[in-house]
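K.L.:
what's the 3D shape of this:
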Amino acid sequence: MSERGAIEATIQLYFDSMYESSKEMVDKAFHPSAKITGIFAGEFHEMSRDEFGDLVGSQQPSPREDGLTLKTEILSVEVAGITAAARVRDEYLGFTFLDTLSLVKMDETWVIYNKLFHIESEG
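P.N.:
Model (predicted):
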């Protein structure tokens, strides 16, 4: 698999974690020290991987179980050695997010090290 393909597989794992409400998938997709950061409801929010995983896991029933369609898009991927940056868009919990992901390759596996989110729209 190409580096880009491996990065896209990690991003897909992130998307699937939200679709299936899986903390375990979040833990696989994100580095243990990852931060998830952005503005929500007019306030600055910062979560650890575990906090984000707990949030994702708490969404019951999952979007998949609710019969919702997974709406995601990888807009760009740039690779520089063992680092990469990606821009993605996803619909989750009634919001459309534009995420900037930084990734790092550790032990031959790409993981998301940081996620900056911007809410494009609500509803």
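K.L.:
centroid-nearest residue for the protein?
P.N.:
Most central in the chain under CA atoms, centre = their mean is Y14, positioned 4.4 Å from the mean C-alpha point.
K.L.:
next, it: phi, psi?
P.N.:
Phi and psi for Y14, reported as degrees, to the nearest 10, are phi -60, psi -50.
K.L.:
which residues of this structure fall in strands?
P.N.:
Along the chain, the segments classed as strands by DSSP state E run 30-40, 43-48, 72-80, 83-92, 95-106, 109-122.
K.L.:
could you give the angle of the first one to strand 43-48?
P.N.:
Using axes from the mean of the first three to the mean of the last three CA atoms, to 10 degrees, the direction of strand 30-40 lies 170 degrees away from that of strand 43-48.
K.L.:
quick check: mean pLDDT of strand 30-40?
P.N.:
For strand 30-40, the per-residue pLDDT values average out at 97.
K.L.:
can you list the weak-confidence ranges in the chain?
P.N.:
Where the chain drops to pLDDT under 70, the residues are 123.
K.L.:
picking up where we left off before, now the residue nearest to the centre of the chain: how far from E20?
P.N.:
Per CB to CB, to the nearest Å, Y14 is found 11 Å from E20. For the C-beta atoms, the positions are set from N, CA and C on the backbone; glycine is no exception.
K.L.:
quickly list what's touching both of the two.
P.N.:
The overlap between the contact sets of Y14 and E20 (CB atoms under 8 Å, 6 or more residues apart in numbering) is empty.
K.L.:
you'd agree V88 is up against I74?
P.N.:
Yes: V88 lies in contact with I74 (CB atoms under 8 Å); the separation is 5.3 Å.
K.L.:
who's more crowded, those two?
P.N.:
V88 (22 against 17; other CB atoms under 10 Å).
K.L.:
so what's the more buried one up against?
P.N.:
Taking CB under 8 Å, 6+ apart as the test, what V88 contacts is 11, 15, 72-75, 98-99, 101.
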